[in-house]
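Q: Next come a sequence and a model predicted from it.
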Amino acid sequence: MSYLKEKILKDGIVLNNDVLKVDSFLNHQIDPTVMKESSNEFIEYFKDKEITKVMTIEASGIAPAIRVASQLDVPMLFAKKTEPSTLSNEDQYETNVHSFTKNKTSRVLVSKKYLAPDDKVLIIDDFLANGEAALGLIDLVEQAEAEVAGVGICVEKSFQPGRAKLEEKGIDIFSICRIASLENNAVTFVEEATANEEY
Ligand code: G4P
């Protein structure tokens, strides 16, 4: 079992049927072993993709993304949710990302300087839920005519539509943890749910 899964079972808190609180190790306080082990798993999966850049969106994607980028020895680029005063409209790619969880739409942007058509971009994020964040990042990469090498996710909530939306676009997705359900105040991973069905 991956270290992240163990940590979810030990320290994750199911807030309701949709939301898992992981702020003691993933998106507020960051556990270094979770970062190290998760990064190793991403690299093992995507190692043959000749990645030139790792990309994420602020804030919680930054920690896993920087670890992967430094292991691959490539730059990490994060999309910003607030407009830097040093960047003008014509210098940036921008898109809208709607968060269903937070019921808020953010305009996100990156400088055109940091994405080029010859880039092979690995997108990393902490959660895949509705897929809006990942689709927004893919849109930015496509505007630059660069290639999306894949999407690496720490925690996928497989009962929400994010994975299906990315698969529809032919994206290669690797998630360290796939959660089938948060019902009855418990985390059920996809493998267990499938095993129970088979049984
Ligand atoms: P998406 O990320 O797949 O687009 O789905 P959604 O719109 O539902 O999620 C938006 C935000 O909510 C994301 O953070 C995501 O990380 C977070 N989120 C989604 N599901 C969960 C969950 O079960 N638990 C926790 N703790 N967070 C969840 P964000 O808006 O990018 O903000 P930030 O936290 O990275 O700053």
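A: Thanks, I have the structure now. Numbers count the residues shown, from 1 in each chain.
Q: ok, for residue 186, nearest residue in space, not its chain neighbours?
A: residue 14 (6.7 Å; Cβ to Cβ, 6 or more residues apart in numbering). Yep, even glycine has a C-beta here, placed from its N, CA and C like the rest.
Q: Likewise for residue 20?
A: residue 12 (5.3 Å).
Q: Just read off the phi/psi values of the one you found.
A: For residue 12, the backbone dihedrals are phi -70, psi 150 (criterion: degrees, to the nearest 10).
Q: Within range of the ligand, give me the residues from the protein.
A: Within reach of the ligand by Cβ under 6 Å from any ligand atom, the chain has these residues: 19-22, 27, 57, 59-60, 99-102, 126-133, 157, 162.
Q: So how do I select the buried members of those in ChimeraX?
A: Of the residues of the chain next to the ligand, the buried ones can be selected in ChimeraX as follows, counting by 16 or more other Cβ atoms under 10 Å:
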select :20,22,27,57,60,126,127,128,129,130,131,132,133,157,162
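Q: Residue 181 is in contact with the residue nearest to residue 186, correct?
A: No: if you go by Cβ atoms under 8 Å, residue 14 and residue 181 don't touch, sitting 9.8 Å apart.
Q: between these two, what contacts are shared?
A: Common neighbours of residue 14 and residue 181, using Cβ atoms under 8 Å, 6 or more residues apart in numbering, are residue 187.
Q: Please enumerate the helices of this structure.
A: With DSSP state H as the definition, the chain shows helices at residue ranges 3-11, 32-46, 62-72, 132-143, 162-168, 190-198.
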